[in-house]
Each structure stands twice: as structure tokens, then as C-alpha cells.
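> any chance you could fold what I've pasted below:
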Amino acid sequence: MGGELDMAGARPLGRPNGDAKPRGRKTLLEPVPGPVDPRHGQPRPVERELLARPARTMVGEQKKHRRPELGADEARDRPGADKQERHHARRCGRRQRSRRPGKTARTEAPPRRQNRMEQRCRALIMLGHGPDDRAPARAAPAGLAAEARPAHEAGMETAPRKPRARPARPTARRMPAADVRPFIEALARANPAPRTELHYGDTFQLLVAVVLSAQTTDAAVNKVTPALFAAAPTPEAMAALGEAGIAPLIRTIGLWQAKARNLAALARQLVERHGGVVPADRAALEALPGVGRKTANVVLNVAFGQPTMAVDTHIFRLGNRTGLAPGKTPRAVEEALIARVPPEYLRDAHHWLILHGRYVCKARRPECWRCVVAQWCRYGRKTPPPAEAPKAGDGPRPRGRAVLPRR
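Predicted coordinates for the structure are as follows:
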């Protein structure tokens, strides 16, 4: 109803009179001249339907709002122009003063400070290691280079940033040579017969236990070695057991997968190259899988009685803290200990030092109040003894009402 239009009279079809009032919404018809019809040579009427709604009346099509183009002066004086300029300046890495009445703005932006990556790239480009059309292939004189580059980049290489100084780590003074002998003798009197805490039956089992003790405590190793040595007491048995048989027996210690693989390969090499016997040579020991310098030193010292010094984390800490053998690496501490410890004490010095560092000279809180070598130690921050627990009658009286037990 009223949907079809009579193009000639611009009236709704289906009604005898065009002025009949439609139902629902109001429809207004407005003939508008349009393009020329090529068949009749007359302009075709284009009707537009205008809908009259209670809220608003739509007449024609809404045109898109276009922002009027402003000139340079009008754009500078429009509201919010200074805020947009500051935002643009921050994105470009420059700083500009806000345009206030009575003050003039800067004509040039201050030089921007380059970061380390930009300085490295600029240095490589100046040395000819990178492509850049703006910079010469080699380092040019200071004046010529400053002219060839922009104003805010000139002078960057002449004033490099100074590296930040890190606070020096407090280190103990080196112990005098006259105090080394009494230091070692005091440890010898406190423990006359030192020995390793690892449980083993022969040299091969000692080698296996030392390999397992890497990044693991001796107590944890002693919990897994009884079952392992019962299943594979010899190199031939361990080689036959293989990695798949060793791994379930040592799962409770750290790095058990790599250690199981190394023990299987170690046992095979002992059988193939050394006839199932642990060699007494350092080079041959260090050639075995999973055996390093520290493990070789322990085996040579304990099994073969050689005066070696195996430096682990405890001995490394003790040598630096006490000043007995300061060094930045375990090898430096090892060489200093071999040079300073008296030869007659060198074989047992390894056990004295490692046991003292494990139970007395601890990493976080050394127990200096019960240390037998505290008078020769160069550690400045001695730990005071812990406060004694208060006795029953010395403490403060409890406050509040006393609660009597029920009968």
C-alpha cells in the first residue's frame, strides 16, 4: 500500500485520490529534476522519500562534515595548538618550551642524548663498517665531521658516556706467610684424622661417588650409593647395567640424567682402555666422562695419597674469606694453597679446609665465635655469638588474666 509510485504524477498508486492520508508514517513526495532521459529528451523526475518521525525530520541526505582548512596563522592560534605541538615534539624526541605570551620560543631544539646502541652504530659507521649515506667511510676530522652531520648529532663521539662504577666487593687481606703454619696446625689439632664423608668400598666406587657428588651434598650421595653398588660393584657390571639401569637408582640426586649417562660411558671406557682399573694419572682420569680437575684431585688424594688440593665451593670461600689463598678462580685458589700450605700438611689440608668450611665457616652466617683459627683469620666482619635464651625466672612477667586448668 503506497509502496509503488506513479512517476508521471508523483502520486502513490492504488488510491483514486492522491490526497488521501496515508496510515502509519507520513510520506512526502518532492519532484526533483534529474538527468535527461535519452529516449524522450525530457528530464526524469527523481522522487525522494522524506520520512517524518517524532524525534526529527530527515530532509535529503546528510552531508559529511569536512574540517575547514586553516592557514598557517589560524592553525597556530586555534585552541589546543600548543598542546598538539608539545605532543609532536615529545614523539620526535625534542623538548620545546610552551608558547606563553611575552616569551619567545626556541628556534633550535637541544641536542638529543644518544643511547648506547646509537653510539655503537654511529662509531661503526664512522669507521666504515656500516652503510650510511650521510657519514663518510672513515673517521673525519672533528670540525669536518661536525659540519657533515646534523646539529643535534655533532660532538657525540667527543664526549662518550662514562661507565657506571660498581661498588667494590669487600675482600679480606692476604694472610701473612708467618700465620699460615699456625693456621693449619690449629685445624690439625681440632681434627687429627680427617677423612672424606663419602661411603665407598674400593677405588672404582670412590670415583663413582665423587662423580655423583657434583652439585649434590655428600649425605644425598650416601643415600643412593648402597643400592647402586649392590647392583653394579665393578666397572664391568656397571657397563652392563647401562644408562637405563643406573638412572632409576640415582633419581633423588641433582642432575641424575647426565650423571647416569656419564657413569655408563665411564665404566665402558675403564673396561676398554684401562682393563677395569682406575688409572693413577691425572690426564687419564680427566679424559673419562664426567671427571674434571676437582674429581681427579679427590681421587688422587684419597685413593693414591698424592698431595693434591681439590677446590670446591667451601674451600674457595674459605681461601678468600680468611685471606689464606685469595683468588678469583678455583684454579688460582688451588695454586695458592699448594704454594702456601706446608708440604707435610698438604695431603690432609684438603679435608681440614673442606670440613671447616662446611660446618664452621658457613656461607651465609659463619660461626666465628667457635672457630679455632679466628685469631689468624683476616675476615673483618666477625659474627658475634648468638644471644643466650632467657631463663625461666629472668623473663618479663606475663600480662593478662591467668587461665587455670579445668579439673
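> mind giving me the domain split of this protein?
117-153, 177-370 (automatic domain parsing).
> quick one, which of the ones you listed is nearest to Arg378?
The minimum distance between Arg378 and these falls on domain 177-370, with 3.4 Å, by Cβ to Cβ. (Each C-beta comes from the backbone N, C-alpha and C, glycine too.)
> element containing Arg268, please.
Assessed by DSSP states H and E, Arg268 sits inside helix 256-273.
> who touches that helix?
Contact with helix 256-273 is made by 204, 207-208, 211-212, 214, 232, 235-236, 238-239, 241-243, 246-247, 250, 253, 276-278, 287-291, as judged by Cβ atoms under 8 Å, 6 or more residues apart in numbering.
> tell me which residues in it are buried?
Trp256, Lys259, Ala260, Arg261, Asn262, Leu263, Ala264, Leu266, Ala267, Arg268, Leu270, Val271 (16 or more other Cβ atoms under 10 Å).
> go on, stretch 189-208?
Within stretch 189-208, the residues scored as buried using 16+ other Cβ under 10 Å are Pro194, Thr196, Glu197, Leu198, Tyr200, Thr203, Phe204, Gln205, Leu206, Leu207, Val208.
> spit out the contact partners of Pro330.
Residues near Pro330 by Cβ under 8 Å, 6+ apart: Lys294, Val311, Asp312, Phe316.
> how close does it sit to Asn297?
Using Cβ to Cβ, to the nearest Å, one gets 10 Å for the distance from Pro330 to Asn297.
> shared neighbours of those two, anything?
Common neighbours of Pro330 and Asn297, counting by Cβ under 8 Å, 6+ apart, are Val311.
> can you give me the helices for the chain?
72-77, 81-92, 116-126, 142-148, 180-190, 203-212, 218-231, 235-246, 256-273, 282-286, 293-302, 313-322, 330-340, 346-359 (DSSP state H).
> pipe these into CSV and attach mean pLDDT and distance to Arg365 per row.
Formatted as CSV, the helices of the chain follow (pLDDT from 0 to 100; distance: least, Cβ to Cβ, whole Å):
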stretch, mean pLDDT, distance to Arg365
helix 72-77, 58, 69
helix 81-92, 70, 51
helix 116-126, 71, 40
helix 142-148, 46, 57
helix 180-190, 95, 20
helix 203-212, 95, 28
helix 218-231, 94, 20
helix 235-246, 94, 38
helix 256-273, 94, 31
helix 282-286, 94, 36
helix 293-302, 94, 26
helix 313-322, 94, 12
helix 330-340, 95, 22
helix 346-359, 94, 12
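> point out the most buried one among those helices.
Mean neighbour counts were compared across these using mean count of other Cβ atoms under 10 Å; the top stretch is helix 203-212, at a mean of 23.
> tell me which residues are up against that one.
By Cβ under 8 Å, 6+ apart, helix 203-212 touches 198-200, 221, 224-225, 228-229, 233-235, 238, 250, 253, 259, 262-263, 266, 270, 276, 278, 290-291, 295, 298-299, 302-303.
> what about the closest residue to Leu300 other than its chain neighbours, neighbour count?
Using Cβ to Cβ, 6 or more residues apart in numbering and skipping the chain neighbours, the partner closest in space to Leu300 is Gln306 (4.3 Å). The number of residues packed near Gln306 is 14, by other Cβ atoms under 10 Å.
> Gln306 against Ala296, yeah?
No - Gln306 is not in contact with Ala296 according to Cβ atoms under 8 Å; the separation is 10.0 Å.
> would you convert the buried residues of stretch 189-208 into JSON lines that also reports distance to Glu335?
JSON lines is the format used below for the buried residues of stretch 189-208 (distance: Cβ to Cβ, whole Å):
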{"residue": "Pro194", "distance to Glu335": "22"}
{"residue": "Thr196", "distance to Glu335": "22"}
{"residue": "Glu197", "distance to Glu335": "26"}
{"residue": "Leu198", "distance to Glu335": "25"}
{"residue": "Tyr200", "distance to Glu335": "28"}
{"residue": "Thr203", "distance to Glu335": "26"}
{"residue": "Phe204", "distance to Glu335": "29"}
{"residue": "Gln205", "distance to Glu335": "30"}
{"residue": "Leu206", "distance to Glu335": "25"}
{"residue": "Leu207", "distance to Glu335": "24"}
{"residue": "Val208", "distance to Glu335": "28"}
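> what's the closest of these to Arg122?
For those, with Arg122 as the reference and Cβ to Cβ as the criterion, the closest is Leu207, at 56.6 Å.
> the closest one and Ala310: what is the separation?
Using Cβ to Cβ, Leu207 is found at 13 Å from Ala310.
> who touches both of the two?
Common contacts of Leu207 and Ala310 (Cβ under 8 Å, 6+ apart): Thr295.
> who's in contact with Thr313?
Contacts for Thr313 (Cβ under 8 Å, 6+ apart) come out as Ala363.
> distance of it relative to Val333?
Distance, Thr313 to Val333, by Cβ to Cβ: 11 Å.
> one more: Thr216?
Counting by Cβ to Cβ - Thr216 and Val333 are separated by 21 Å.
> same thing with Ala387?
For Ala387, the distance to Val333 (Cβ to Cβ) stands at 35 Å.
> swap in Tyr379?
Distance of Tyr379 to Val333, given as Cβ to Cβ: 16 Å.
> Arg340 now?
Here the criterion is Cβ to Cβ. By it, Arg340 lies 11 Å from Val333.
> got it, and Gly242?
38 Å.
> cool, and Thr225?
Distance of Thr225 to Val333, given as Cβ to Cβ: 28 Å.
> and for Gln119?
From Gln119 over to Val333 the distance is 39 Å, taken as Cβ to Cβ.
> and if you look at Gln84?
65 Å.
> for Val372, same thing?
In terms of Cβ to Cβ, Val372 sits 21 Å off from Val333.
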